[in-house]
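**Student:** Whatever this is, show me its structure:
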Amino acid sequence: MRWCELKAGLLEAGTAKITGGTEGITSFSKAGPSSGEGGSVFFSSGNMRVRLSITDDSPVEIVITDRDNAVLKFEGEEVEGRVEPATLHCPRQAFITVSEGCIFRCRYCSVPTQEKKFKSPEEIDRMIEGVLPDIDCISLTSGVIGSPEEDEERVIEVVTRVMRFGLPVGVSIYPLKETPKKLFDLGVLEVKFNLEAATEKLFQEICPEMERDQIMDALIESVRLFGKNRVFTNIILGAGESDSEMRACISEVTALGIIPVIRPLTPKAEMSEKAGYSRPARERILNITEFLDDELLKNGLDTGVAETMCTACTGCDLVPGRDF
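**Tutor:** Predicted structure coming up:
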């Protein structure tokens, strides 16, 4: 089985049970739909990587044979590899959440229910110092505490501070009109502003307090400033969109020079399994990603250029140009 087919099945499952212990290998997310879960692991085989939440009743099993070796077992397939340590949130990155908590209440996300707190530039500086030289980049994300203006200011302070490390910096926050220019002027390499849903109608249903047009304007301005292959946007697969709507969205953003990160839905918060939602099927994940691959090629975009954030990690998504 090709890795992309296997990974699509793993992303549909979303979980793994671990044999051999998880000490020192478990990652805990502070942002996004996976926040607040009971931990996850990153399994890699060669240059390929997948992130799976830990649970005892998963159809996927990862057998840790020793510190540097593991075997992933799924549907009769056995893949040799290793479980990578998550340096800060994910392997080889200091991927740090500045503000934990959020004033917005997107229906797929449990972050708004968590305790609201934020890290100071000094604290983040110390966190990064503590993982050198085991990182290749610094990635910053944030919920919104107080107001978008306040949170932008916090992130700007952090960016200003961490530039001293001389590493590529990527930033993913809720953007205001001047956010792209401010980040560009500070020397940020890549940005990711998330459209979340494939259509405006669906966006209004699941993120009613945010402005999709504002996010799109920031993405378009970012392509002008940062250039192709440096601007990204998360789009959730399985939030209620049709395949044709997802394809239309992919075609629209790639034509603008934006690389979409197609993120399989993690059913939780108001969009849980009890509410009738589920992770997208492997066939859909694979088919939509193959369409994305064609659109990236058509528009001269290359995921292999990415140096920070989700597209550089690949753990949570099937990424054309990296997974196949």
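
**Student:** so what's Gly81 closest to, chain neighbours aside?
**Tutor:** Ser45 (3.4 Å; Cβ to Cβ, 6 or more residues apart in numbering). (C-beta placed from N, C-alpha, C; glycine too.)

**Student:** Pull up the gap between the one you found and Phe184, please.
**Tutor:** 36 Å (Cβ to Cβ, to the nearest Å).

**Student:** about what we covered before: touching, the residue nearest to Gly81 and Trp3? I think so.
**Tutor:** Yes. Using Cβ atoms under 8 Å, Ser45 is in contact with Trp3, at 7.4 Å.

**Student:** wait, Ser58 sits on Lys17?
**Tutor:** Yes. Using Cβ under 8 Å, Ser58 makes contact with Lys17 at a distance of 4.6 Å.

**Student:** Please give me every residue in contact with the closest residue to Leu195 other than its chain neighbours.
**Tutor:** Excluding its sequence neighbours, the residue lying closest to Leu195 (Cβ to Cβ, 6+ apart) is Thr233, at 4.8 Å. If you count contacts by Cβ atoms under 8 Å, 6 or more residues apart in numbering, Thr233 has them with 192-195, 215, 219, 253, 258-261.

**Student:** Are we agreed that Thr233 is in a helix?
**Tutor:** No. Under DSSP: H, G, I helix; E, B strand; the rest coil, Thr233 sits outside any helix and is assigned strand.

**Student:** State the distance from it to Ala198.
**Tutor:** From Thr233 to Ala198 the distance is 11 Å (Cβ to Cβ).

**Student:** Ok, Ser139 next?
**Tutor:** 24 Å.

**Student:** do Arg49 as well
**Tutor:** Note on Arg49: its distance to Ala198, by Cβ to Cβ, is 25 Å.

**Student:** Give me the more crowded residue out of the two.
**Tutor:** Ranked by neighbour count (other Cβ atoms under 10 Å), Arg49 and Ala198 place Ala198 first, with 28 against 22.

**Student:** wait, that one sits on Met246?
**Tutor:** Yes. Assessed by Cβ under 8 Å, Ala198 is found in contact with Met246 at 4.7 Å.

**Student:** can you list residues touching both of these two?
**Tutor:** Contact criterion Cβ under 8 Å, 6+ apart; residues shared by Ala198 and Met246: Ile235.

**Student:** what are the ranges of the helices in the stretch 151-300 of the chain?
**Tutor:** 179-186, 200-206, 212-226, 243-255, 282-298 (DSSP state H, counting those that start in this stretch).

**Student:** could the ones you listed go into CSV alongside mean pLDDT?
**Tutor:** Converted to CSV, the helices of the stretch 151-300 of the chain look like this (pLDDT from 0 to 100):
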stretch, mean pLDDT
helix 179-186, 98
helix 200-206, 98
helix 212-226, 98
helix 243-255, 98
helix 282-298, 98
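
**Student:** So which of those is nearest Ile62?
**Tutor:** helix 282-298 (18.3 Å; Cβ to Cβ).

**Student:** Show me what the closest one packs onto, helices and strands only.
**Tutor:** For helix 282-298, the elements it packs on are helix 3-13, strand 231-237, helix 243-255, strand 259-264, judged by 3 or more Cβ pairs under 8 Å, 6 or more residues apart in numbering; DSSP states H and E.

**Student:** what about the protein, any weak spots by pLDDT?
**Tutor:** For the chain, the stretches flagged by pLDDT under 70 are 21-38.

**Student:** Kindly recompute the last result at 50.
**Tutor:** 30-33, 35-36 (pLDDT under 50).

**Student:** excluding its backbone neighbours, what's nearest Gly240?
**Tutor:** Using Cβ to Cβ, 6+ apart and skipping residues adjacent in sequence, the residue nearest Gly240 is Leu202, 5.6 Å away.

**Student:** surely the one you found meets Leu237?
**Tutor:** No. Judged on Cβ under 8 Å, Leu202 makes no contact with Leu237 at a distance of 11.7 Å.

**Student:** Same drill for those two, tell me which one is more crowded.
**Tutor:** Between Leu202 and Leu237, counted using other Cβ under 10 Å, the more crowded position is Leu237 (21 against 18).

**Student:** so who does that one touch?
**Tutor:** Applying Cβ under 8 Å, 6+ apart, the residues near Leu237 are 246, 262-265, 280, 284-285, 288.

**Student:** Of those, which is the nearest to Phe118?
**Tutor:** So of the contacts of Leu237, ranked by how close each gets to Phe118 (Cβ to Cβ), first place is Arg263, at 24.1 Å.

**Student:** thinking again about what came up before, which among the contacts of Leu237 gets closest to Met271?
**Tutor:** Using Cβ to Cβ, the contacts of Leu237 come closest to Met271 at Leu265, 6.9 Å.

**Student:** Pull the number of nearby residues for that closest one.
**Tutor:** Neighbours of Leu265 (other Cβ under 10 Å): 18.
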